[in-house]
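Student: Show me how the following folds:
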Amino acid sequence: MHTLQEKILKLSEKENLAGMSLREIGKHINETSPQKIKHHILQLEKNGLIQMDRLAKIMVKTRPGVSTSKSSLFAVPILGTANCGPAAAYAEQEAQGYLRVSGKLLSKKKGIFAIKASGHSMNKANINGVAVDDGDYVLVDPTCTTIKNGDYVLSIIDGMANIKRYFRDTANQRVILMSESSASFSPIFIHRDDMDNYLVNGKVIQVIKKPKTAWSKIKKFVYKDSPNYQ
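Tutor: Numbering: from 1, shown residues only. Presented below is the predicted three-dimensional model:
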């Protein structure tokens with residue numbers, strides 16, 4: 001960690017950074033460049049070490065996969081988007097944001113990350129009884145070193161990410177990545193000699209459904225008395 005980030009984190013233990021200007025923060029840590037302060041605060045936010053609501057002037061210290069002292073919520077890093085279809089979305093290495101999820105809603109809490117699903121090729125999957133629809137978040141365990149036939153995996157092919165069901169076809173020296181969809185999607189076949197360009201980045205262990213259905217009910221409840229509600 002950069003020394004300025006260490007100083008900012010130490011300062012955050014005593015001060016609410018969300019209520020301070022960049023120059024005020026700089027005075028506390030002997031740094032005169034507001035741009036440097038801004039850069040390192042953004043890095044700390046990106047890495048999930050702090051979360052700031054500048055409008056409400058609220059700051060929360062946190063760590064990915066660890067609940068805060070005042071909350072039972074866990075910060076799960078979102079590492080990009082993966083296709084449920086052709087491998088056409090790049091896999092990101094840095095967190096694009098964080099899901100704040102109650103620990104009671106997580107089947108595992110440490111070492112996991114989230115990927116946002118794009119596409120419909122896994123809308124008939126059965127991951128603990130839940131399918132994967134476009135816009136859902138899938139939770140991935142990268143520490144799972146033993147992938148078995150039938151497991152759901154996040155795969156990286158030529159730098160592209162996709163979510164599929166894994167089968168090892170030993171007789172034909174290949175791996176087959178299968179879709180499970182209401183539509184017709186061709187499997188992906190990977191020969192043993194091409195494994196250098198293929199990576200199982202983790203096992204899909206859980207699905208966090210997008211709030212589409214719930215949100216429509218919320219809107220109806222909140223706005224039903226509005227004269228413009230339809």
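Student: what domains does the record give for the chain?
Tutor: Following the assignment in automatic domain parsing, the chain carries domains at 3-61, 73-212.
Student: Mind putting those domains into TSV with mean pLDDT and mean neighbour count?
Tutor: Just so you know, the C-beta spots here come from the backbone N, C-alpha and C atoms, and that holds for glycine as well. Output for those, formatted as TSV (pLDDT from 0 to 100; neighbours: other C-beta atoms under 10 Å):
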stretch	mean pLDDT	mean neighbour count
domain 3-61	80	15
domain 73-212	81	17
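Student: quick one, helices of this structure?
Tutor: For the chain, applying DSSP state H gives helices covering 3-12, 22-29, 34-46, 212-223.
Student: which secondary structure elements does the third one contact?
Tutor: In this case it means helix 34-46. Counting contacts by 3 or more C-beta pairs under 8 Å, 6 or more residues apart in numbering; DSSP states H and E, helix 34-46 packs against helix 3-12, helix 22-29, strand 50-53.
Student: any chance of those in a markdown table, plus distance to Asp158?
Tutor: Converted to a markdown table, the helices and strands packed on helix 34-46 look like this (distance: least, C-beta to C-beta, whole Å):
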| stretch | distance to Asp158 |
| --- | --- |
| helix 3-12 | 34 |
| helix 22-29 | 41 |
| strand 50-53 | 34 |
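Student: Select, out of those, the one closest to Ile112.
Tutor: Between Ile112 and those, the tightest spacing by C-beta to C-beta is seen for strand 50-53, at 18.1 Å.
Student: you'd agree Gln51 is up against Leu44?
Tutor: No - if you go by C-beta atoms under 8 Å, Gln51 and Leu44 don't touch, sitting 9.4 Å apart.
Student: shared neighbours, those two?
Tutor: Counting by C-beta atoms under 8 Å, 6 or more residues apart in numbering, Gln51 and Leu44 have no common neighbour.
Student: So which residue is dead centre in this protein?
Tutor: Centroid-nearest residue in the chain, with C-alpha atoms, centre = their mean: Ile78, separated by 2.0 Å.
Student: ok, what's across the strand from that one?
Tutor: Legend: beta-bridge partners of Ile78 under DSSP bridges are Gly97, Ala114.
Student: Verify the stated contact: it with Ile112.
Tutor: No - with contact defined as C-beta under 8 Å, Ile78 does not count as touching Ile112 (11.1 Å).
Student: so where do the strands sit in the protein?
Tutor: Ranges of strands in the chain, per DSSP state E, are 50-53, 58-61, 73-83, 89-90, 97-102, 113-118, 137-141, 152-157, 160-169, 174-178, 188-191, 198-208.
Student: Looking at the ones you listed, which is nearest to Ala131?
Tutor: Nearest of these to Ala131, taken as C-beta to C-beta: strand 198-208 at 7.4 Å.
Student: Show me what the closest one is in contact with.
Tutor: Outside strand 198-208, the residues that touch it by C-beta under 8 Å, 6+ apart are 91, 99, 101, 105-108, 112-114, 127-128, 130-132, 136-144, 147, 151-157, 161, 163, 166, 175, 190.
Student: Show me the strands paired with it, marking each as parallel or antiparallel.
Tutor: When DSSP bridges is applied, strand 198-208 pairs with strand 137-141 (antiparallel), strand 152-157 (antiparallel).
Student: Output these in CSV; the columns should cover distance to Val204.
Tutor: As requested, the strands paired with strand 198-208 are arranged in CSV below (distance: least, C-beta to C-beta, whole Å):
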stretch, distance to Val204
strand 137-141, 5
strand 152-157, 4
